[in-house]
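Undergrad: Everything below, folded, please.
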Amino acid sequence: MRDGASHIVLLTRVFDKSQGDVLELGTGYFSTLLLHWLATVAKRRVVSYETQKHWYERARRWQSEFHDIVFCRNLTRPISISVTGHGLHRPRPEQPPSD
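TA: The predicted structure is shown next:
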């Protein structure tokens with residue numbers, strides 16, 4: 001498999017075993033197009049965020065009913081950790097609990 005595409009089999013499997021929206025942080029040659037077609041067929045939403053203008057310009061051709069491509073203008077520093085807060089069994093409260 002070509003360099004940079006070794007994750008395609010795993011990504012496809014995870015997509016097939018999951019439900020709901022997909023968040024892609026950074027677009028690429030392989031995953032963005034794959035997620036686009038998987039989401040279109042499954043009628044699931046993908047949101048791809050990109051910080052580099054040239055990658056955004058390339059990826060935005062895949063903008064569609066099920067795929068949003070978003071350019072992040074204000075993200076100028078490298079990110080070393082990304083944290084996603086979610087609840088699997090119940091929705092998060094509107095207000096955090098008071099101490």
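Undergrad: Which other helices and strands does the helix or strand containing Ala39 contact?
TA: Assigned by DSSP states H and E, Ala39 belongs to helix 31-42. Judged by 3 or more CB pairs under 8 Å, 6 or more residues apart in numbering; DSSP states H and E, helix 31-42 is in contact with helix 8-17, strand 22-25, strand 46-50, strand 67-71. Placement of C-beta: from N, CA and C, glycine included.
Undergrad: Ranking those by mean neighbour count, which comes first?
TA: Burial of the helices and strands packed on helix 31-42 is given as mean neighbour count (mean count of other CB atoms under 10 Å); strand 46-50 ranks first at a mean of 21.
Undergrad: what does that strand contact?
TA: 21-27, 32, 35-36, 39, 56, 59, 62, 66-72 (CB atoms under 8 Å, 6 or more residues apart in numbering).
Undergrad: Spatially, what comes nearest to the one residue sitting closest to the centre of the chain if we skip its sequence neighbours?
TA: By CA atoms, centre = their mean, the mean C-alpha position of the chain lies nearest to Glu24, the distance being 1.7 Å. Nearest non-adjacent residue to Glu24, counting by CB to CB, 6 or more residues apart in numbering: Ser48, 4.1 Å away.
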